[in-house]
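**Q** Below are the sequence and a predicted model; questions follow.
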Amino acid sequence: MNELNVVKYGDREIVYAVEFCHRKTLEISVMPDSAVQVRAPQGATLEAIAQKVQKKAQWIVEKQDWFAKFPKAPPPRQYLGGETHLYLGRRYRLKIEKGKERLVKIDGGFIRVVSADVRPATVKKLLDEWLRERAKVQFEKVFQACMVRFSHSSTSPRLQIRDMKTRWGSLSKGGILTLNIKLIAAPKECIEYVVVHELCHLKYPNHDKKFYRLLETRLPDWEKRKLKLELLQE
């Protein structure tokens with residue numbers, strides 16, 4: 001369960017959510033909406049966590065100010081004709097047609113949805129189903145291509161797709177690599193970054209110097225890809 005806490009930095013208040021999980025080190029993340037997420041080891045005290053956040057306060061506010069320069073996320077989708085949706089980094093307009101067949105497909109610069117029922121709830125359901133099917137295909141391609149770089153590993157992860165609120169991907173101790181369904185909106189280079197990042201955890205579970213050295217070796221431009229993903233505006 002996440003807990004909200006606050007530390008002061010000058011005249012600023014840093015509000016951060018704490019998630020306790022099975023890990024050895026504490027991780028602080030600043031989201032594009034300026035939310036601060038702390039993932040802490042089980043048993044860590046709130047006082048110790050607050051001290052860590054206080055030490056990183058300057059970095060946190062700089063990151064928040066940097067994100068604030070960019071446009072805010074668009075309003076919630078209405079699933080009406082003419083609305084734009086991202087697919088593999090490209091923006092497409094939604095084209096809704098009434099017809100007997102149930103169909104979703106890319107048609108030039110459009111995502112074409114055909115259905116006898118063209119109410120927004122039905123259009124959303126059809127589009128979500130199509131995106132999930134496309135994600136299975138596209139993520140598997142990227143996953144298999146990236147696994148070649150980790151052929152030395154004694155573990156062969158299994159890929160699964162889920163709707164995740166705060167993370168693009170994760171790797172469980174049981175070797176399950178989970179990708180966020182929302183990644184289907186991102187360019188393939190960003191999907192590749194998430195997969196390679198998680199596969200590096202096969203050798204180094206924590207985000208320590210050894211982990212980042214391995215990530216740099218496997219994907220030298222990972223920071224550029226990460227930035228592009230952080231700025232993704234669906």
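**A** Here it is on my side, so go on.
**Q** what's next to the helix or strand bottoming out on mean pLDDT in the chain, contact-wise?
**A** Every helix and strand of the chain was ranked by mean pLDDT, DSSP states H and E. The lowest is strand 3-9, at a mean of 88. Strand 3-9 is contacted from outside by 13-18, 46, 49-50, 53-54, 57-58, 60-61, using CB atoms under 8 Å, 6 or more residues apart in numbering. Using the backbone N, CA and C atoms, a C-beta is placed for each residue, glycine as well.
**Q** which residues of this structure fall in helices?
**A** 46-55, 57-68, 120-147, 188-200, 209-218, 222-230 (DSSP state H).
**Q** Now render these as TSV, adding distance to residue 112, mean neighbour count and mean pLDDT.
**A** Formatted as TSV, the helices of the chain follow (distance: least, CB to CB, whole Å; neighbours: other CB atoms under 10 Å; pLDDT from 0 to 100):
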stretch	distance to residue 112	mean neighbour count	mean pLDDT
helix 46-55	48	14	94
helix 57-68	34	15	92
helix 120-147	10	16	96
helix 188-200	22	23	96
helix 209-218	38	14	94
helix 222-230	27	16	91
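**Q** Tell me the one of the contacts of strand 3-9 nearest residue 94?
**A** Closest to residue 94 out of the contacts of strand 3-9 is residue 17 (33.4 Å), distances taken as CB to CB.
**Q** Neighbours of the closest one, how many?
**A** For residue 17, the neighbour count with other CB atoms under 10 Å is 17.
**Q** Was I right to think it contacts residue 40?
**A** No - assessed by CB atoms under 8 Å, residue 17 is found out of contact with residue 40, at 10.6 Å.
**Q** Report the contact partners of the residue nearest to residue 37 when sequence neighbours are not counted.
**A** Leaving aside its sequence neighbours, residue 37 sits nearest to residue 29 (CB to CB, 6 or more residues apart in numbering; 4.7 Å). With contact set as CB under 8 Å, 6+ apart, residue 29 has these partners: 36, 37, 38, 39.
**Q** So what's the residue count around residue 100?
**A** That count, for residue 100 with other CB under 10 Å as the rule, works out to 8.
**Q** same thing with residue 79?
**A** Counted with other CB under 10 Å, residue 79 comes out at 21.
**Q** Sounds good, over and out.
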